[in-house]
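Novice: can you look at this prediction? I've put the sequence above it.
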Amino acid sequence: MNIIRYTPSINITIDNQLIKSINTIQEFYEYEDRIILKCAEDVPEFKRGLICDLDCEFELYDTNSCEKTGTRKDSVKNLVLVYINKSSDMESATQFEYTFYK
């Protein structure tokens with residue numbers, strides 16, 4: 001059996017042109033109607049109403065040997081950025097939360 005071991009590599013594209021690679025993923029949620037991406041970097045390209053594609057690449061590892069067995073690539077097309085939330089507290093890093101609707 002294979003498992004996902006690390007946070008995904010996420011690229012944001014518009015018309016197949018790379019806009020931004022997100023390298024500081026703290027949380028990633030995909031629901032039926034939306035994607036929530038939390039990271040520690042401000043992405044100036046992200047403005048409310050942005051229509052983009054999100055490409056994720058997950059590394060797969062064997063559960064017994066812990067060796068990398070491959071990658072899984074997923075793409076979600078025509079996302080609309082609707083919310084940009086910021087949060088900060090004394091015990092953790094500042095986060096930007098980007099909510100995209102499918």
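Specialist: Structure received. Residues are numbered from 1 along each chain as shown.
Novice: buried ones in the worst-scoring helix or strand of the chain on mean pLDDT?
Specialist: Across the helices and strands of the chain, mean pLDDT, DSSP states H and E gives its lowest value to strand 2-4, namely a mean of 82. By neighbour count on 16 or more other Cβ atoms under 10 Å, the buried set for strand 2-4 is empty. Every C-beta, even on glycine, is put in place using the N, C-alpha and C of the backbone.
Novice: strands paired with whatever helix or strand comes next after it, and their directions?
Specialist: Next in sequence after strand 2-4, counting helices and strands by DSSP states H and E, comes strand 9-14. Partners of strand 9-14 in the sheet, by DSSP bridges, are strand 17-22 (antiparallel), strand 51-62 (antiparallel).
Novice: for these, which one ends up most surrounded?
Specialist: Using mean count of other Cβ atoms under 10 Å, the stretch among the strands paired with strand 9-14 with the largest mean neighbour count is strand 51-62, at a mean of 17.
Novice: which strand of this structure spans the most residues?
Specialist: strand 68-89 (DSSP state E).
Novice: what comes up buried for that one?
Specialist: Within strand 68-89, the residues that count as buried by 16+ other Cβ under 10 Å are L79, L81.
Novice: check stretch 93-102 too.
Specialist: Quick answer for stretch 93-102 (16+ other Cβ under 10 Å): Q95, F96, E97, Y98, T99, F100.
Novice: off-centre distance for it?
Specialist: Here stretch 93-102 is found 9 Å from its chain centre; the criterion is Cα atoms, centre = their mean, to the nearest Å.
Novice: what's in contact with that stretch?
Specialist: Stretch 93-102 is touched from outside by 26, 32-43, 46, 52, 54, 76, 78-88, with contacts defined as Cβ atoms under 8 Å, 6 or more residues apart in numbering.
Novice: is it true that R5 touches D62?
Specialist: No. With contact defined as Cβ atoms under 8 Å, R5 does not reach D62; the gap is 10.0 Å.
Novice: how many neighbours does I25 have?
Specialist: Close neighbours of I25, defined as other Cβ atoms under 10 Å, add up to 17.
Novice: return the residues in contact with it.
Specialist: T7, P8, I10, L37, K38, C39.
Novice: so which of those residues wins on neighbours?
Specialist: L37 (24 neighbours).
Novice: fine, thanks again, bye for now.
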